[in-house]
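In: no sequence on this one, just coordinates:
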Ligand SMILES: Nc1ncnc2c1ncn2[C@@H]1O[C@H](COP(=O)(O)OP(=O)(O)OP(=O)(O)O)[C@@H](O)[C@H]1O
């Protein structure tokens, strides 16, 4: 179990992680999803005691990570697979990790086998590994202490499609055996494929949270186009009839069905220029919006720099 409560990190006047609260439960894979710069890595670093929070708390198995005795026996962590010592072989890297975790040497062979690195590959220097091999080695290091919890930052980075499928299976199996998995990703489809629960973060804040079914299901939304001058009136009529309404750019998006919208618009005498069922789920729309916002912000920062 991972419990994050009101966790915040400020760098000067900039808030990288802004008052986030969520729980990652045993037996489930929790996907921590957000565009680049959303605050995922900062939150994970706070979780494992590498960055000091400005406020709030992060507990793993009911305790701060730093107070766990032999943390690697409880929590497997992979934050930056590219940061491994390039001069060591894969096996040496794992022998060290096993020693630090107080695990016997045969744990190394078991970990190599679990991540699909051959003994021959394990004898090569990490500096000569592909990014995908480094990810496998990083995961082997995280698994070496037979932990109940995994904290993985972008674990699928650099893996080919077969590797991604393999990783998905491994993480699902880990959760099926009662483990807790928290993994971050900036790719919605990657998270969709593996996570039972999703926490979506943008600009340091949680913008959506729930089970995959709750968040990814099409929510029966209808997209309505009306002339600009009529939009507010139709929104008010829809809200008056108990429907939810969002104004998104030129469109009005509502949870009312097309038939309900048509009836209400007709009664109110509001012209409708188009009326369609939303093809994307709520999460996908929010995610695209977040990514677009982030890109806009980066462009603005570049211009003002
Ligand atoms: N030490 C630091 N000092 C100042 N700002 C920082 C520091 N670390 C992170 N940030 C900023 O905090 C924000 C969140 O960064 P973070 O690395 O947590 O995002 P992320 O969601 O993991 O993104 P990515 O997918 O690109 O790794 C970014 O704007 C980043 O520039």
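Out: Good, I have the coordinates. In this text, all values refer to a predicted model and were calculated from it rather than measured experimentally.
In: quick one, phi/psi of the residue of the stretch 151-300 of the chain found nearest the ligand?
Out: Nearest residue of the stretch 151-300 of the chain to the ligand, counting by CB to the nearest ligand atom: residue 186, 4.7 Å away. All C-beta atoms are positioned from the backbone trio N, CA, C, and that covers glycine. Backbone torsions of residue 186, given as degrees, to the nearest 10, read phi -100, psi 10.
In: which stretch of helix or strand covers the nearest residue to residue 252 once chain neighbours are set aside?
Out: Using CB to CB, 6 or more residues apart in numbering and skipping the chain neighbours, the partner closest in space to residue 252 is residue 224 (4.6 Å). Residue 224 is part of strand 222-225 when elements are defined by DSSP states H and E.
In: Just the buried residues of that strand, please?
Out: 222-224 (16 or more other CB atoms under 10 Å).
In: Give me every residue in this structure lying close to the ligand.
Out: Taking CB under 6 Å from any ligand atom as the contact definition, the chain meets the ligand at 11, 16, 34, 36-42, 186.
In: could you flag which of the residues you listed are buried?
Out: Applying 16+ other CB under 10 Å to these flags 16, 34, 37-42, 186 as buried.
In: Let's have the residues you listed in CSV, adding pLDDT.
Out: Formatted as CSV, these follow (pLDDT from 0 to 100):
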residue, pLDDT
16, 95
34, 92
37, 88
38, 90
39, 94
40, 95
41, 95
42, 96
186, 90
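In: Any chance of TSV for the residues you listed, columns distance to residue 102?
Out: Below are these laid out as TSV (distance: CB to CB, whole Å):
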residue	distance to residue 102
16	34
34	35
37	37
38	35
39	33
40	30
41	28
42	30
186	35
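In: As CSV, those residues with secondary structure would be great.
Out: Listed next are those as CSV, based on DSSP: H, G, I helix; E, B strand; the rest coil:
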residue, secondary structure
16, strand
34, coil
37, coil
38, coil
39, coil
40, helix
41, helix
42, helix
186, coil
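In: So which residues of the stretch 201-305 of the chain form helices?
Out: Ranges of helices in the stretch 201-305 of the chain, per DSSP state H, counting those that start in this stretch, are 212-216, 228-240, 258-268, 282-304.
In: Ok, which of the ones you listed comes nearest residue 153?
Out: Residue 153 lies closest, by CB to CB, to one member of the helices of the stretch 201-305 of the chain: helix 282-304, at 17.9 Å.
In: Quick check, central residue of this structure?
Out: Nearest residue to the geometric centre of the chain (CA atoms, centre = their mean): residue 32, 2.0 Å.
In: follow-up on the earlier one: gap between the residue of the stretch 151-300 of the chain closest to the ligand and residue 23?
Out: As judged by CB to CB, to the nearest Å, residue 186 and residue 23 stand 22 Å apart.
In: do the same with residue 200
Out: Computed as CB to CB, the residue 200 to residue 23 distance reads 15 Å.
In: more crowded one of these two?
Out: residue 200 (23 against 16; other CB atoms under 10 Å).
In: Which residues does the helix or strand hosting that one contact?
Out: Per DSSP H and E, residue 200 falls inside strand 197-202. With CB atoms under 8 Å, 6 or more residues apart in numbering as the test, strand 197-202 has contacts from 20, 22, 24-25, 28-35, 38-40, 43, 191, 206-212, 215-216, 283, 286-287, 290, 293-294.
In: can you pull the contacts of residue 211?
Out: Taking CB under 8 Å, 6+ apart, we find residue 211 in contact with 196-198.
In: Of those - the most surrounded one?
Out: Result: residue 198 is most packed of the contacts of residue 211 (other CB under 10 Å), 25 neighbours.
In: Now residue 68: phi and psi?
Out: The phi/psi pair for residue 68 (degrees, to the nearest 10) is phi -80, psi 130.
In: so what's it closest to, chain neighbours aside?
Out: The nearest residue in space to residue 68 (CB to CB, 6+ apart) is residue 74, at 5.2 Å.
In: mind checking how far the one you found is from residue 156?
Out: 24 Å.
In: In terms of neighbours, single out the busier of those two.
Out: Higher neighbour count among residue 74 and residue 156: residue 156, with 21 against 18, using other CB under 10 Å.
In: Understood, closing this out.
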